[in-house]
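Peer 1: Pasting the sequence and the predicted coordinates here, then a few questions.
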Amino acid sequence: MPSSLQIAILAAGRGKRMRCALPKVLQSLGGRPLLAHVLSTARKLEPRAICIVDGGGGEVRERFAAADLTWARQDPPRGTGDALRCALTGLGADGVTLVLFGADPLARVETLRQVAERAQEGILSLLTVELDDPTGYGRIVRGADGKVAAIIEHKDATPKQRAIREINTGIMAAPTAAFARWLPRIDDRNVGGEYYLTDVIAMAVADGVPVETTHPASADETLGINSKRDLAHLERIYQRAQADALLDAGVTLADPARIDVRGTLACGSDVTIDVGCIFEGDVVLGDAVSVGAHSILRDARVGAGTAIAPYSHIDGAAIGARCCIGPYARIRPGTSLADEVHIGNFVEVKASDLGERSKANHLAYVGDSTVGRDVNIGAGTITCNYDGANKHRTVIEDDVHIGSDTQLVAPVTIGRGATIGAGTTVWRDVEPGVLVFNQKTQASKADYQRPRKKIKE
């Protein structure tokens, strides 16, 4: 886009129909606020400036503090025409201004570029679309010559005008000087008592400024959020688009309707994802990775050939190649697993490094630990890493065998090749190659009679 382009994003509405304390533009779609989607698209147009119009709460400005943004405040909100007037105080007086809405997240870059480029020719450029049910939207009124004559808001429209299917999306672009000329002439003499930005269409027609329309590739691009019902509807549209992109890239999805990508998901070849999986943050799956049903991966990298069994949670971790994870495994932030590591059912690993071919297959907790190669950690083993105030580290060197039901009281080091007997509590460093166990006695009592329940008479 030419460097004369600037963008105004109208984001001051609280969204009363959301029935939520959180501002509408901060509601989440695909794991990101609605406004984050709009901003991402706007930045791809490479405008010289972006001005966001927020309300009086301050939450939006705090959430999106960035050097490339300017801000204008509209308090109280008095309609879209007043909002754009506020935005122009933070933008240059020349060039072209593209108007976007902070709760309309699905518009494509290509569509918005076409709207903005038309405005470079000195016209008022609108994005419109035809809907089977246009209820609630402003109607595009055309003259006998087929040219746009005005936009009539639904609540101000006559029955005949309400039959029109072509609606205004709100997205428009025009020379900034034209907006500056039209906005002061808008009044609030309407049912809503607001300053409608759509009134500039009639003004453009009266001034002899051409009004042209662009149509999106899909009506989905124009959908906005006004209620939780709208939000849920767009979430499914968004998620289906993510699923379709994965399918097109060769990923096998057991059911495209049952996957949620709430961030970015990059997949190698021959990746298989079962139903109900959630991917948050930035997730990378290597070649031939399989993810079992109802697993959750957040900010994770998974090496080629790794199998993740159902109901596993991986958060902020790096998993090597050909590992076996789960089912019901939990791998927490700061964890790194080398190749061919096994983390089995009901095993939790936190802030730990495990070397190649090491295993913790059942019911164990490994926290704040450095584990070498070819280590076997038995069922019921825990690292006791917290003293009530501070965390301490456990070091388990290569080829250590740790028996079941063992407690390793950190800070402690288990030397290479050592064996820890079942049921042992280790609170001192262990030398390499030795067997360590706690002395125990086992007594027997002959002729023991097991207690029996009394029979009620």
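Peer 2: Done, it's in. Numbering: from 1, shown residues only.

Peer 1: Tell me how far Leu106 lies from Ile171.
Peer 2: Separation of Leu106 from Ile171 (C-beta to C-beta, to the nearest Å) stands at 11 Å. All C-beta spots, glycine's among them, are computed from the backbone N, C-alpha and C.

Peer 1: ok, now Asp387?
Peer 2: The value you get for Asp387 to Ile171, if C-beta to C-beta is used, is 59 Å.

Peer 1: who's the closest residue to Thr383 other than its chain neighbours bridged to?
Peer 2: Among residues not flanking Thr383 along the chain, Thr394 sits closest, at 4.5 Å (C-beta to C-beta, 6 or more residues apart in numbering). With DSSP bridges as the criterion, Thr394 is bridged to Ser369, Val412.

Peer 1: Please tell me how far Thr394 sits from Glu340.
Peer 2: Look at Thr394 and Glu340: by C-beta to C-beta, they are 21 Å apart.

Peer 1: Which of these two has more residues huddled nearby?
Peer 2: Neighbour count, other C-beta atoms under 10 Å: between Thr394 and Glu340, Thr394 has more, with 23 against 20.

Peer 1: so that one makes contact with Val375?
Peer 2: No - using C-beta atoms under 8 Å, Thr394 makes no contact with Val375, being 11.4 Å away.

Peer 1: more neighbours, Asp387 and Ile171?
Peer 2: More crowded of Asp387 and Ile171, by other C-beta under 10 Å: Ile171, with 24 against 11.

Peer 1: would you say that one is within a strand?
Peer 2: Yes - when DSSP: H, G, I helix; E, B strand; the rest coil is applied, Ile171 is found to be in a strand.

Peer 1: For Gln442, see how far away it is.
Peer 2: Using C-beta to C-beta, Ile171 is found at 79 Å from Gln442.

Peer 1: Equivalent analysis for Ser269, please.
Peer 2: Applying C-beta to C-beta, the value for Ser269 to Gln442 is 56 Å.

Peer 1: Compare these two and say which one has the larger neighbour count.
Peer 2: Using other C-beta under 10 Å, the more surrounded residue of Ser269 and Gln442 is Ser269, with 12 against 4.

Peer 1: okay but the more buried one is in contact with Gly286, surely?
Peer 2: No - between Ser269 and Gly286 there is no contact under C-beta under 8 Å: 9.2 Å.

Peer 1: How many residues are close by the nearest residue in space to Asp315 that is not next to it in sequence?
Peer 2: Excluding the flanking residues, the one nearest Asp315 by C-beta to C-beta, 6+ apart is Arg298, at 4.6 Å. By other C-beta under 10 Å, the residues close to Arg298 number 19.

Peer 1: neighbouring contacts of stretch 261-271?
Peer 2: Applying C-beta atoms under 8 Å, 6 or more residues apart in numbering, the contact partners of stretch 261-271 are 28, 30-32, 239, 242-243, 246, 249-252, 278-291, 298-299, 304.

Peer 1: That stretch: which residues count as buried?
Peer 2: For stretch 261-271, the neighbour count (16 or more other C-beta atoms under 10 Å) marks Val261, Arg262, Gly263, Leu265, Cys267, Gly268, Val271 as buried.

Peer 1: In strands only, show me those residues.
Peer 2: Counted as lying in strands by DSSP state E, out of these, are Val261, Arg262, Gly263, Leu265, Cys267.

Peer 1: circling back: tell me who's in contact with the residue nearest to Asp315.
Peer 2: Gly263, Phe279, Glu280, Gly281, Val283, Ile314, Asp315, Gly316.

Peer 1: What is the burial count for Cys384?
Peer 2: By other C-beta under 10 Å, neighbour count at Cys384 equals 17.

Peer 1: From Thr381, how far off is the residue nearest to it when sequence neighbours are not counted?
Peer 2: Computed as C-beta to C-beta, 6+ apart, the closest residue to Cys384 that is not its neighbour in sequence is Val409, at 4.5 Å. The gap separating Val409 from Thr381 is 12 Å, by C-beta to C-beta.

Peer 1: Quick one: name whatever helix or strand follows the longest helix along the chain.
Peer 2: The residue-count maximum for a helix in the chain (DSSP state H) belongs to helix 228-248. With elements assigned by DSSP states H and E, the helix or strand that comes after helix 228-248 is strand 252-253.

Peer 1: what sits up against that following strand?
Peer 2: With C-beta under 8 Å, 6+ apart as the criterion, strand 252-253 contacts Ala243, Leu246, Leu247, Ile259, Asp270, Val271, Thr272, Ile273.

Peer 1: who wins for neighbours among those residues?
Peer 2: Result: Ile273 is most packed of the contacts of strand 252-253 (other C-beta under 10 Å), 28 neighbours.

Peer 1: Any stretches of the stretch 351-457 of the chain with poor pLDDT?
Peer 2: Low-confidence segments of the stretch 351-457 of the chain (pLDDT under 70): none present.

Peer 1: Which residue ranges of the stretch 1-150 of the chain form strands?
Peer 2: For the stretch 1-150 of the chain, strands defined by DSSP state E, counting those that start in this stretch occupy the ranges 5-10, 28-29, 32-33, 49-54, 69-73, 96-101, 124-130, 139-142, 148-152.

Peer 1: got TSV for those, with distance to Asp187 and mean pLDDT too?
Peer 2: TSV is the format used below for the strands of the stretch 1-150 of the chain (distance: least, C-beta to C-beta, whole Å; pLDDT from 0 to 100):
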stretch	distance to Asp187	mean pLDDT
strand 5-10	19	98
strand 28-29	35	96
strand 32-33	33	96
strand 49-54	20	96
strand 69-73	21	95
strand 96-101	19	98
strand 124-130	19	96
strand 139-142	19	93
strand 148-152	15	89
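
Peer 1: hmm, back to that, any chance of the contacts of strand 252-253 in JSON lines with pLDDT and distance to Ala204 as columns?
Peer 2: Shown next, in JSON lines, are the contacts of strand 252-253 (pLDDT from 0 to 100; distance: C-beta to C-beta, whole Å):
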{"residue": "Ala243", "pLDDT": "98", "distance to Ala204": "41"}
{"residue": "Leu246", "pLDDT": "98", "distance to Ala204": "43"}
{"residue": "Leu247", "pLDDT": "98", "distance to Ala204": "44"}
{"residue": "Ile259", "pLDDT": "98", "distance to Ala204": "45"}
{"residue": "Asp270", "pLDDT": "98", "distance to Ala204": "55"}
{"residue": "Val271", "pLDDT": "98", "distance to Ala204": "51"}
{"residue": "Thr272", "pLDDT": "98", "distance to Ala204": "54"}
{"residue": "Ile273", "pLDDT": "98", "distance to Ala204": "50"}
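
Peer 1: Mind picking the two most distant members of the ones in strands among the buried residues of stretch 261-271?
Peer 2: The span of these, defined through C-beta to C-beta, is set by Arg262 and Cys267 at 15.6 Å.

Peer 1: tell me the domain boundaries of this protein?
Peer 2: By the assignment in automatic domain parsing, the chain contains the domains 5-222, 228-436.

Peer 1: And the first one, end to end?
Peer 2: One end of domain 5-222 sits 21 Å from the other (C-alpha to C-alpha, to the nearest Å).
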